[in-house]
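Asker: next comes the sequence, and after it the predicted model I'd like to discuss.
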Amino acid sequence: MLAEYLPTLLFLIVASGIGVALLVVGNLLGPKRPTAEKLSPYECGFAPFEDARMQFDVRYYLIAIQFIIFDLEIIFIVPWATVFRDLGVVGLVEMGIFASMLLLGFIYVWKKGALEWE
């Protein structure tokens, strides 16, 4: 039984060996010319101006949640569209309910002002 896993084990050993060897060779033979500019943290082309633990505005998270919700909507709508003819009227009604619930959520967020940046 264990003989069936021998090729997989050999593959993992060889892959790990190659990975470690490349890291060691790159570290030993690579150029090392550290400068203050290379060692400084990079933040979108600007010098860091605050602590990394600063608080984000809650609207940032609301936009992220909306992105996830509408991304999930596409995940459900694309397969539904491929089998639309097989589902018939029942599938159309169910997808209409699903889309209307998402639309109501979008309208709610819009009315609350979560989409407006000041």
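Answerer: Noted; the coordinates are in hand. Note that the structure is a prediction, hence the values are computed from the model and not measured.

Asker: for this protein, which segments count as helices?
Answerer: For the chain, applying DSSP state H gives helices covering 6-29, 36-39, 58-82, 84-112.

Asker: show me what the third one packs onto, helices and strands only.
Answerer: Read it as helix 58-82. Under the contact criterion of 3 or more CB pairs under 8 Å, 6 or more residues apart in numbering; DSSP states H and E, helix 58-82 touches helix 84-112. The way it works is simple: take the backbone N, C-alpha and C, and place the C-beta from them, glycine included.

Asker: spit out the contact partners of the residue nearest the centre of the chain.
Answerer: By CA atoms, centre = their mean, the chain has its centre lying nearest to I68, at 9.5 Å. I68 makes no contacts at all, as judged by CB atoms under 8 Å, 6 or more residues apart in numbering.

Asker: can I get the helices of the chain in TSV including mean pLDDT?
Answerer: Output for the helices of the chain, formatted as TSV (pLDDT from 0 to 100):
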stretch	mean pLDDT
helix 6-29	96
helix 36-39	80
helix 58-82	82
helix 84-112	87
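
Asker: buried sites along stretch 59-75?
Answerer: Going by neighbour count (16 or more other CB atoms under 10 Å), the buried part of stretch 59-75 is Q66, E73.

Asker: put the alpha carbons of it into CSV.
Answerer: Extracted in CSV, the C-alpha atoms of stretch 59-75 (Å, rounded to 0.1, in the frame of the first residue of the first chain):
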residue,chain,number,x,y,z
ARG,A,59,-17.2,52.5,4.5
TYR,A,60,-14.1,50.7,3.3
TYR,A,61,-15.5,47.5,4.7
LEU,A,62,-19.0,48.1,3.4
ILE,A,63,-17.6,48.5,-0.1
ALA,A,64,-15.6,45.2,0.4
ILE,A,65,-18.8,43.4,1.5
GLN,A,66,-20.7,44.8,-1.4
PHE,A,67,-18.0,43.5,-3.8
ILE,A,68,-18.2,40.1,-2.3
ILE,A,69,-22.0,40.0,-2.5
PHE,A,70,-22.1,41.1,-6.1
ASP,A,71,-19.3,38.7,-7.0
LEU,A,72,-21.4,35.9,-5.5
GLU,A,73,-24.4,37.1,-7.5
ILE,A,74,-22.4,36.5,-10.7
ILE,A,75,-21.3,33.1,-9.5
